[in-house]
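Trainee: sharing a sequence plus its predicted fold:
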Amino acid sequence: MATAELNCQVSEEDSERREAFWAEWKDLTLSTRPEEGCSLHEEDAMRRETYHRQGQCQALVQRSPWLVMRMGILGLGLQEYQLPYQRVLPLPIFTPSKLGAAQEEREDTPVQLRELLALEAALGGQCVDRQDVAEITKQLPPVVPVSKPGALRRSLSRSLSQEAQRG
C-alpha cells in the first residue's frame, strides 16, 4: 500500500509586538488501497495456471486547521466533515474574576461558605464525634496474612460450604 503525504507549515513573527505564531499540520494524504468487491481469481486445473487480480483505488484525506476534514476516493468526489471543537489546552478549574483586585472591588463570600466558616470558628477546630485511631481499628476485623493467592480462596470456600452443611 503506497502512501504520499503533504505537510503544511505556517509561521509568522511580529517583532514590534513581540508575538509569534507557528502551526504545522498534515494537510493531504493520498494512499492506494485494495478496492472492496473488485477482485478476479481464475484457476485452470488442466494447465495448472492461476490468475489473480485485485482492483485498487486511491483514497484521499484532506485536513485543515479550521477543523474541516474531506475524505473520499480520488476521481469520485470528496465528502466534507466538520470536526467537533476540541481545546488544545485543558480548561482552567478556577479562574478568579478579577486578579489583583482591591478588597472593596471583590465579591462577597457566599452565604453557605460564610455559615460553614462560622461553625468551624465556633467549634474551635475540634470535631464533636472525634474518635482515636485505636478505637476505630478495634472495630475492624483482624488482618490475616496470605502466603499463597489461592490459599485464601480455598479457606473461604471451605468455611462457606461448612456453614451451609451446618444449616
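Mentor: Nice, I can see it.

Trainee: quick one: residue 136 is in a helix?
Mentor: Yes. Residue state for residue 136 (DSSP: H, G, I helix; E, B strand; the rest coil) corresponds to a helix.

Trainee: how much space separates residue 69 from residue 133?
Mentor: 58 Å (CB to CB, to the nearest Å). From N, CA and C alone the C-beta is placed, and that goes for glycine too.

Trainee: these two: which is more packed in?
Mentor: Taking other CB atoms under 10 Å, residue 69 and residue 133 do not tie; residue 69 has more neighbours (14 against 7).

Trainee: okay, and that one sits in which element?
Mentor: Secondary-structure element containing residue 69, defined by DSSP states H and E: strand 68-73.

Trainee: what's in contact with that strand?
Mentor: The list of residues contacting strand 68-73 from outside it, by CB atoms under 8 Å, 6 or more residues apart in numbering, reads 57-63, 78-83.

Trainee: strands along the protein, start to end?
Mentor: Defined through DSSP state E, the strands belonging to the chain, from first to last, are 3-14, 19-44, 49-63, 68-73, 77-82.

Trainee: quick check: the gap between residue 60 and residue 26.
Mentor: Taken as CB to CB, the spacing of residue 60 relative to residue 26 amounts to 13 Å.

Trainee: neighbour count: the two, which is higher?
Mentor: It is residue 60, of residue 60 and residue 26, that has more neighbours when counted by other CB under 10 Å, with 18 against 12.

Trainee: report the separation between the more buried one and residue 32.
Mentor: 11 Å.

Trainee: OK, contacts around residue 9?
Mentor: Counting by CB under 8 Å, 6+ apart, residue 9 has contacts 22-24.

Trainee: repeat that for 7 Å
Mentor: With contact taken as CB atoms under 7 Å, 6 or more residues apart in numbering, residue 9 is in contact with residue 24.
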